[in-house]
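> Got a predicted structure here, sequence first:
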Amino acid sequence: MVMKQLLEVFDILDDSAASGERMKNYLLSVNPQADIEVFPLTGPKGSTDVIRILIPGKNGRSAGKTAPTLGVIGRLGGLGARPVMTGFVSDGDGACTVLTVAAKLLDMQKKGDILEGDVIVATHICPDAPTEQHDPVPFMGSPVQMHQNNETEVLPAMDAILSVDTTKGNRIINHRGFAISNTVKSGYILSVSDDLLDIMQTTTGQLPHIFPLATQDITPYGNDLYHINSILQPATATDAPVVGVAITTETMVAGCATGASHPADLEETARFVLETAKYYGCRKCSFYCEDQFRRLTELYGDMKHLQTLGNASR
């Protein structure tokens, strides 16, 4: 279980003075050998702290070997909407979850449990993000633009990506806990990974939950199309396969709502991500079927134009 790490991470993030440096210091207290990078990122509506953590695997690329690297990205607008709202908002659950995963992996390393492949955890820490109108419930905004998040969090070293995001402001996922998406790669919405379904069943003890994707959900922000949220935005910035891990509720909950974070749900999500990292690094978990993808592109061609702004960019 990762409840200990979750509560420690949440305590740091649920603070009007939360920062990347404070989180870095906590993670170094977990494992003084941790490889952590923190830097400010400034956008049109303020600034935030980007934090990236490399957890090296014993046969990972950072050691000059060949085990694949899993990227774990926490997507959010902000941890808080101060001064409009007081306290930690629902939108911060993605960052809290992936930083919990980082803390657990660092603790495991210190205790001698080292994964096969590298894991890179990336998110940002902003206690005072703006809000914005969205149907059916308000969204959290962000101090920075989406392309800035992608440029700092979606790294070339990531061979596959789990994008973790609060996804409660909708009518189409009526389940409290978490759900995963189809795999998205190079503009294609592919089949759901059977391996990820197996891991999900094991970690939850329940039948898996899948959330639906529309084509516009995998296109970049800025094209005036409706998006469920930013969960699949990393897929617009890489050719690596991306799977959304949505933290969900039965009812619609605004991203800027406080008191809406459920520890059991975040802990369960974190365990799913952790187990995926274990299996992916030793090549026992595949995000998509390479033969099927190759056949798709042979039959129907390149779909990378869906990773762009399309005609609006001309």
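Cool, got the structure.
> For the stretch 201-314 of the chain, just list every one of the helices.
263-281, 290-300 (DSSP state H, counting those that start in this stretch).
> how far is the shortest one from where the chain is centred?
Relative to the centre of its chain, helix 290-300 is centred 27 Å away, using Cα atoms, centre = their mean, to the nearest Å.
> Which residue ranges of the stretch 151-300 of the chain form strands?
Taking DSSP state E, counting those that start in this stretch as the criterion, the stretch 151-300 of the chain carries its strands at 160-166, 177-185, 188-189, 242-248.
> re the thing from before, with respect to burial, which of the helices of the stretch 201-314 of the chain scores highest?
Among those, helix 263-281 has the highest mean neighbour count (mean count of other Cβ atoms under 10 Å), at a mean of 22. Every residue, glycine included, has its C-beta placed from N, CA and C.
> Extract the C-alpha set from that helix and format it as CSV.
As requested, the backbone C-alpha atoms of helix 263-281 are provided in CSV (Å, rounded to 0.1, in the frame of the first residue of the first chain):
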residue,chain,number,x,y,z
PRO,A,263,-7.8,9.2,-0.2
ALA,A,264,-8.8,5.6,-1.0
ASP,A,265,-9.3,6.5,-4.7
LEU,A,266,-6.0,8.2,-5.0
GLU,A,267,-4.2,5.4,-3.2
GLU,A,268,-5.8,2.8,-5.5
THR,A,269,-4.8,4.8,-8.6
ALA,A,270,-1.3,5.2,-7.3
ARG,A,271,-1.0,1.4,-6.8
PHE,A,272,-2.2,0.8,-10.4
VAL,A,273,0.4,3.2,-11.7
LEU,A,274,3.1,1.5,-9.5
GLU,A,275,2.2,-2.0,-10.7
THR,A,276,2.2,-0.9,-14.3
ALA,A,277,5.7,0.5,-13.9
LYS,A,278,6.9,-2.8,-12.5
TYR,A,279,5.4,-4.8,-15.4
TYR,A,280,6.3,-2.3,-18.2
GLY,A,281,10.0,-2.1,-17.3
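> I'd like to know the average pLDDT value across it.
Confidence over helix 263-281 (mean pLDDT, whole number) is 98.
> so it versus strand 160-166, what angle?
Per axes from the mean of the first three to the mean of the last three Cα atoms, to 10 degrees, the angle that helix 263-281 makes with strand 160-166 is 170 degrees.
> how many degrees apart are helix 263-281 and strand 177-185 in direction?
Using the same axes, to 10 degrees: helix 263-281 against strand 177-185 is 30 degrees.
> Helix 263-281 packs against which elements?
helix 3-13, strand 70-75, helix 93-110, strand 160-166, strand 177-185, helix 194-204, strand 242-248 (3 or more Cβ pairs under 8 Å, 6 or more residues apart in numbering; DSSP states H and E).
> from the chain's centre, how far out does it sit?
12 Å.
> hey, where'd the helices end up in the stretch 1-150 of the chain?
Going by DSSP H, counting those that start in this stretch, the stretch 1-150 of the chain shows helices at 3-13, 20-30, 93-110, 146-153.
> which of the residues in the shortest one are buried?
Same thing as helix 146-153. Neighbour-count burial for helix 146-153 flags 146, 148-150, 152-153 (criterion: 16 or more other Cβ atoms under 10 Å).
> And the second one, by the same measure?
Taking 16+ other Cβ under 10 Å as the neighbour-count basis, helix 20-30 is seen to contain the buried residues 20, 22-24, 26-27, 30.
> Show me what that helix is in contact with.
By Cβ atoms under 8 Å, 6 or more residues apart in numbering, the residues outside helix 20-30 that reach it are 5, 8-9, 12-13, 15, 34, 36, 38-40, 49-51, 53, 99, 102-103, 106-107, 110, 124-125.
> cutoff 10 Å now
Contact with helix 20-30 is made by 5, 8-9, 11-13, 15, 19, 34-41, 48-53, 95, 99, 102-110, 121, 123-126, as judged by Cβ atoms under 10 Å, 6 or more residues apart in numbering.
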